[in-house]
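Participant: okay, here's the prediction I keep looking at, along with the sequence it came from:
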2 protein chains.
Amino acid sequence: MASKDRIQRLKDETRINILDASLQIVKEEGWQALSMRKIADVIEYTAPIIYEYFSNKEAILLELTRKGFLILARDMKAAKEKHRLPGKQLEAMWFAYWNFAFAEKELYQVMFGVDVNCCELGKIMPEADVPADMVCEVIKDLMAPHKPTEDEVCTTYYTFWSVMHGLVSINIVRKGRSDETNKQVLKAAIGGIIRSIKG
Amino acid sequence: MASKDRIQRLKDETRINILDASLQIVKEEGWQALSMRKIADVIEYTAPIIYEYFSNKEAILLELTRKGFLILARDMKAAKEKHRLPGKQLEAMWFAYWNFAFAEKELYQVMFGVDVNCCELGKIMPEADVPADMVCEVIKDLMAPHKPTEDEVCTTYYTFWSVMHGLVSINIVRKGRSDETNKQVLKAAIGGIIRSIKG
DNA sequence: TACATTTGCTTAACACTGTTAAATGATTTA
DNA sequence: TAAATCATTTAACAGTGTTAAGCAAATGTA
């Protein structure tokens, strides 16, 4: 019967509706506000229905994660194909990555587990600024010959911290590589930035 | 009366017990397993008691965050004082940061919001590996003159990704700097790594 | 057409979560 | 001894993810 097809089509549609509704809620209220009952509200069903399409909440997040990776791959591929030289390709691909992260902020968050914490932590907790301030002072010393502006010091700190936080994150979230590789990457990254300051 | 002091001392102790219990639970079962009732269980009280010491759960996390920043600041200060040259100081401080992140993994997580997601995502979701694989291929092209090993390509990707993820994270979590600064840092970081590959 | 079965969906419930208000019982104060 | 304060618990509310039971309409079968 052809009605089987129609029913299947409807089922496929509600599956997509569930994913769309989830993303919509997250965009409006953030990840922590996403609940099964809220999703059900949006798609105009009751909560248990969702379990006919996804085995649990985690499965929904996983599907959105997949969706994110597909978009990211598409964007990076397109960026690559605009250039011939590998150096240019690489740069373009990472710019695509950067743009994706902010164009699809919510997907990036579920893909890489970035918490949306309180911003401006230092405002309510001065201790939180101490380590950064300490590093900035040393950077100022190091850059002294160049007479850096406050902003240049900040930018350098920012680059440093990004590398460090990135390395730490990937090692905590997906504890992959050996300690040897880590030390190597770490030393290379720090050395590289320091050299770029001096040079 | 001196008994006032004794009682105050006991109260102070319970406050510390709450924090210790929280950290203990997190170390054993992870952040998502931390609940008020579980904390109460460990300190051998019932849940509402905790609200005499902390206004809510968030306040406990905030106190642990503060604790983390104090330890991090102490460690980085000690590392700095072992050297005279700013370059060496900087390196030592970031190594201290690195060591802190893993010695006090749980504190680092609550400080910087690193989600403890499923590891080995690519195993259960092949799509998740596509972007990384794409980049690795270009890196291989770029490094072709050096005839890199699989591991060297991987390490380079790893460094790239760390910078990117670090930059993105700080911009999502604490959306601070201007787009201009971001583009600047981004271009410098990518350019720097590419140059270090070629050189 | 009449009965049986499957399907789609809801209601109800369980075991949790953070949090608050009320009740209890012991200790201190007058 | 009576009153008042304090420490602590029990009970409850509203929310969470998830499962089981029930109902009612659509479908298959005789």
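Facilitator: Everything's here; your move.
Participant: return the distance of stretch A:139-151 from the chain's centre.
Facilitator: On the basis of Cα atoms, centre = their mean, to the nearest Å, stretch A:139-151 is displaced by 31 Å from the centre of the chain it belongs to.
Participant: list the buried ones in that stretch?
Facilitator: Buried positions in stretch A:139-151, judged by neighbour count with 16 or more other Cβ atoms under 10 Å in any protein chain shown: A:139, A:140, A:142, A:143, A:148. Heads up, the C-betas are built off the backbone N, CA and C, glycines and all.
Participant: element containing the fourth one, please.
Facilitator: Of the helices and strands defined by DSSP states H and E, residue A:143 is found in helix A:130-143.
Participant: and the angle for the very next helix or strand once past that helix with helix A:130-143?
Facilitator: Later in the chain than helix A:130-143, the nearest helix or strand by DSSP H and E is helix A:150-173. On the basis of axes from the mean of the first three to the mean of the last three Cα atoms, to 10 degrees, helix A:150-173 is oriented at 130 degrees to helix A:130-143.
Participant: how long is stretch A:31-49 from one end to the other?
Facilitator: Using Cα to Cα, to the nearest Å, one end of stretch A:31-49 lies 21 Å from the other.
Participant: average pLDDT for that stretch?
Facilitator: Average pLDDT, stretch A:31-49: 96.
Participant: which residue is the nearest non-sequential neighbour of residue A:31?
Facilitator: residue A:109 (6.4 Å; Cβ to Cβ, 6 or more residues apart in numbering or on different chains).
Participant: oh, I was asking about residue A:94
Facilitator: residue B:190 (5.5 Å).
Participant: can I see the domain layout of chain A?
Facilitator: A:1-54, A:59-198 (automatic domain parsing).
Participant: would a markdown table of those domains with distance to residue B:30 be doable?
Facilitator: Shown next, in a markdown table, are the domains of chain A (distance: least, Cβ to Cβ, whole Å):
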| stretch | distance to residue B:30 |
| --- | --- |
| domain A:1-54 | 17 |
| domain A:59-198 | 12 |
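Participant: closest one to DNA strand D among those?
Facilitator: In terms of Cβ to the nearest atom of the strand, the element of these nearest to DNA strand D is domain A:1-54, at 3.3 Å.
Participant: how far does that closest one sit from the chain's center?
Facilitator: Distance of domain A:1-54 from its chain centroid, counting by Cα atoms, centre = their mean, is 24 Å.
Participant: and if you look at stretch A:172-191?
Facilitator: Counting by Cα atoms, centre = their mean, stretch A:172-191 comes out at 20 Å from the chain centroid.
Participant: same check, this time on stretch A:83-103
Facilitator: Worked out by Cα atoms, centre = their mean, stretch A:83-103 lies 15 Å from the chain centre.
Participant: just want the angle from the one helix or strand residue A:99 maps to to helix B:130-143.
Facilitator: Assigned by DSSP H and E, residue A:99 belongs to helix A:86-103. Comparing the axes of helix A:86-103 and helix B:130-143 via the same axes, to 10 degrees yields an angle of 160 degrees.
Participant: now residue A:162. Nearest residue, chain neighbours left out?
Facilitator: Leaving aside its chain neighbours, residue A:162 sits nearest to residue B:166 (3.0 Å; criterion: Cβ to Cβ, 6+ apart).
Participant: does that neighbour touch residue A:160 like I think?
Facilitator: No - using Cβ atoms under 8 Å, residue B:166 is not in contact with residue A:160, being 9.2 Å away.
Participant: hang on, the earlier thing: neighbours around the residue nearest to residue A:31, how many?
Facilitator: Using other Cβ atoms under 10 Å in any protein chain shown, residue A:109 has 22 neighbouring residues.
Participant: which parts of chain A sit against DNA strand C?
Facilitator: A:7, A:11, A:45, A:46, A:47, A:48, A:49 (Cβ under 7 Å from any atom of the strand).
Participant: ok, so of those, who is nearest residue A:127?
Facilitator: Distance to residue A:127 across the residues of chain A next to DNA strand C (Cβ to Cβ) is lowest for residue A:47, with 42.4 Å.
Participant: what about that closest one, distance to residue A:11?
Facilitator: 17 Å (Cβ to Cβ, to the nearest Å).
Participant: tell me the helix or strand right after the helix holding residue A:99.
Facilitator: Remark: after helix A:86-103, the chain's next helix or strand is helix A:105-112, criterion DSSP H and E.
Participant: sorry, back to before: identify the residues contacting the residue nearest to residue A:162.
Facilitator: Counting by Cβ atoms under 8 Å, 6 or more residues apart in numbering or on different chains, residue B:166 makes contact with A:161, A:162, A:163, A:164, A:165, A:166, A:167, A:169.
Participant: can you do 10 Å?
Facilitator: Residue B:166 makes contacts with A:158-170, B:189, as judged by Cβ atoms under 10 Å, 6 or more residues apart in numbering or on different chains.
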